[in-house]
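Engineer: using only what follows, build the 3D model:
(chains A and B)
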Amino acid sequence: LAKTTQPISMDSYEGQEVNITCSHNNIATNDYITWYQQFPSQGPRFIIQGYKTKVTNEVASLFIPADRKSSTLSLPRVSLSDTAVYYCLVGDGTGRRALTFGSGTRLQVQP
Amino acid sequence: NAGVTQTPKFQVLKTGQSMTLQCAQDMNHEYMSWYRQDPGMGLRLIHYSVGAGITDQGEVPNGYNVSRSTTEDFPLRLLSAAPSQTSVYFCASSYSSGINEQFFGPGTRLTVL
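Structural biologist: Next up is the predicted model:
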C-alpha cells in the first residue's frame, strides 16, 4: 500500500489560499490521488481526485507534478467553514486494493 | 437514495459482550469497507469487501468479523468487546476501491466499559 505523509496541522485566515502538500514516494503506476475532508463527528467527504497534472472543481484544485511523488491540494479563499481535517489517499486504479487513510492535516481557519 | 446507513448511532457494551454493527447502502456499490477512528486520530481500515461473498482484512482486523452475503449489506461483528475497541466506526462504499468516490455513513460511536 502506498504510504502518504502530510503535515499534522496548518493555520490560516479567512480569505487566504491554503495549500496542503502530500508526499507519496512509492506511488504505483495504477494509483490515483484522492483528497477527503472530515468535519468533527462526521464521516469523510470526497473533495477531489487526480492522476497527473492539474484537476480543478468547484471547491479545490489538485496539483500533481510529473513524477507523481507528491500532490498539493489548493483551497482558494478559505472560510471558517473550511476548518476540518484533510486526508490524502493513494488508491489503486484497478480497484483491487483497499484504500487506507493516514493521520490527515488539521486545518484551522481563523477570522 | 438513502446512501450509506449505519445502525446503531450509539452503543455501550460491557467487556466480553458481542454485537453487530449494521451497514447498508442502496447505490449498488461493489466496494464496502469498515474503518475505526479513535479520538484525534485518522481512520484505520478494519475489513473491506470488493463484492458479495468476498472479504479481506485491513490494517486492524483482530477482534472483528465481517461477511458480505448481499451487495447492499456489510455487517461488522465484535466477537468479545474490549475497552480498546472504544471508537467511532465508519462504514463506506464506492463503485470500486481505487478511483471512485467513497461515500461514508454517519458513524457508530461505541463505548466498551
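Engineer: tell me the pLDDT at the closest residue in space to A:Ser103 that isn't next to it in sequence?
Structural biologist: Sequence neighbours aside, B:Gly42 is the residue nearest to A:Ser103 in space, at 4.3 Å (criterion: C-beta to C-beta, 6 or more residues apart in numbering or on different chains). For the C-beta atoms, the positions are set from N, CA and C on the backbone; glycine is no exception. For B:Gly42, the model assigns a pLDDT of 86.
Engineer: same question, A:Asn30
Structural biologist: Note for A:Asn30: predicted pLDDT of 82.
Engineer: cool, the one 4 residues further on as well?
Structural biologist: Listed pLDDT for A:Thr34 reads 90.
Engineer: what is the neighbour count of it?
Structural biologist: For A:Thr34, the count of nearby residues is 23 (other C-beta atoms under 10 Å in any protein chain shown).
Engineer: helix or strand for it, which one?
Structural biologist: Secondary structure assignment for A:Thr34, by DSSP states H and E: strand A:31-38.
Engineer: check contacts around the closest residue to A:Ile20 other than its chain neighbours.
Structural biologist: In space, not counting the residues next to it along the chain, A:Ile20 is nearest to A:Leu73; the distance is 4.6 Å by C-beta to C-beta, 6+ apart. The contact partners of A:Leu73, taken as C-beta atoms under 8 Å, 6 or more residues apart in numbering or on different chains, are A:Asn19, A:Ile20, A:Thr21, A:Cys22, A:Trp35, A:Ile47, A:Ile48, A:Ala60, A:Ser61, A:Leu62, A:Tyr86, A:Cys88.
Engineer: what's the helix or strand for A:Leu73?
Structural biologist: Following DSSP H and E, the helix or strand that holds A:Leu73 is strand A:70-75.
Engineer: next structured bit after that strand?
Structural biologist: Remark: after strand A:70-75, the chain's next helix or strand is strand A:84-92, criterion DSSP H and E.
Engineer: so what touches that following strand?
Structural biologist: If you take C-beta under 8 Å, 6+ apart as the criterion, strand A:84-92 is touched by A:1-2, A:4, A:6, A:20, A:22, A:24, A:27-28, A:30-39, A:44, A:47, A:71, A:73, A:97, A:99-102, A:104-107, B:42-43, B:97-99.
Engineer: pLDDT weak spots in chain A?
Structural biologist: For chain A, applying pLDDT under 70 flags the ranges A:1-2, A:92-99.
Engineer: residue at max distance from the center of it?
Structural biologist: Residue farthest from the centre of chain A, counting by C-alpha atoms, centre = their mean, is A:Pro111 at 22.9 Å.
Engineer: do I have it right that that residue meets A:Glu14?
Structural biologist: Yes. Using C-beta atoms under 8 Å, A:Pro111 is in contact with A:Glu14, at 5.6 Å.
Engineer: overlap of the contact sets of these two?
Structural biologist: Common contact partners of A:Pro111 and A:Glu14 (C-beta under 8 Å, 6+ apart): A:Leu80.
Engineer: dig out what the residue nearest the centre of chain B forms beta bridges with.
Structural biologist: Chain B has B:Trp34 as the residue nearest its centroid, 3.0 Å off, counting by C-alpha atoms, centre = their mean. Following DSSP bridges, B:Trp34 is listed with bridge partners B:His47, B:Cys91.
Engineer: all good on my end, thank you.
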